[in-house]
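Engineer: Here is my input; please provide its structure:
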Amino acid sequence: ERRGQWVYYYLNPRLPGWVSRVLDETAQNNGALIETPLVQLQAMAGRPGEQCP
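Structural biologist: Predicted coordinates:
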């Protein structure tokens, strides 16, 4: 879903459970890979709040 400059993504709730586990493990074990982009995102002014359903 696009709202202005922001694009929101979500996972289909009907995906198999292993998909969520793979994504969780990937995020947990690759902190160095996502640390810089996450800090940059958090520093952005005018950023909307969390939109997860």
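Engineer: if I look at residue 26, how far off is residue 42?
Structural biologist: 20 Å (Cβ to Cβ, to the nearest Å). Any C-beta I mention is one placed from the backbone N, CA and C, and that applies to glycine too.
Engineer: what about those two, which has more around it?
Structural biologist: More crowded of residue 26 and residue 42, by other Cβ atoms under 10 Å: residue 26, with 11 against 8.
Engineer: Tell me the secondary structure at the more buried one.
Structural biologist: helix (DSSP: H, G, I helix; E, B strand; the rest coil).
Engineer: so where is this protein shaky, pLDDT-wise?
Structural biologist: Scanning the chain for pLDDT under 70 picks out 50-53.
Engineer: now with 90?
Structural biologist: Applying pLDDT under 90 to the chain picks out residues 1-10, 31, 34, 37-38, 41-53.
Engineer: Could you pull out the helices in it for me?
Structural biologist: Using DSSP state H, the helices of the chain run over residues 17-28, 31-43.
Engineer: What residues of the longest one count as buried?
Structural biologist: Of all the residues in helix 31-43, not one is buried under the rule 16 or more other Cβ atoms under 10 Å.
Engineer: so that helix versus helix 17-28, what angle?
Structural biologist: Between helix 31-43 and helix 17-28, the angle comes out at 80 degrees (axes from the mean of the first three to the mean of the last three Cα atoms, to 10 degrees).
Engineer: Just the CA atoms of helix 31-43, as PDB, please.
Structural biologist: Taking Å, rounded to 0.1, in the frame of the first residue of the first chain, the C-alpha atoms of helix 31-43 are listed here in PDB:
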ATOM      1  CA  GLY A  31      22.000  -7.400  13.000                       C
ATOM      2  CA  ALA A  32      25.100  -5.800  11.500                       C
ATOM      3  CA  LEU A  33      23.500  -5.900   8.000                       C
ATOM      4  CA  ILE A  34      20.300  -4.000   9.100                       C
ATOM      5  CA  GLU A  35      21.800  -1.800  11.900                       C
ATOM      6  CA  THR A  36      22.800   1.200   9.700                       C
ATOM      7  CA  PRO A  37      19.600   1.300   7.600                       C
ATOM      8  CA  LEU A  38      17.500   1.000  10.800                       C
ATOM      9  CA  VAL A  39      19.300   3.900  12.500                       C
ATOM     10  CA  GLN A  40      18.900   6.000   9.400                       C
ATOM     11  CA  LEU A  41      15.200   5.200   9.200                       C
ATOM     12  CA  GLN A  42      14.700   6.000  12.900                       C
ATOM     13  CA  ALA A  43      16.400   9.400  12.500                       C
END
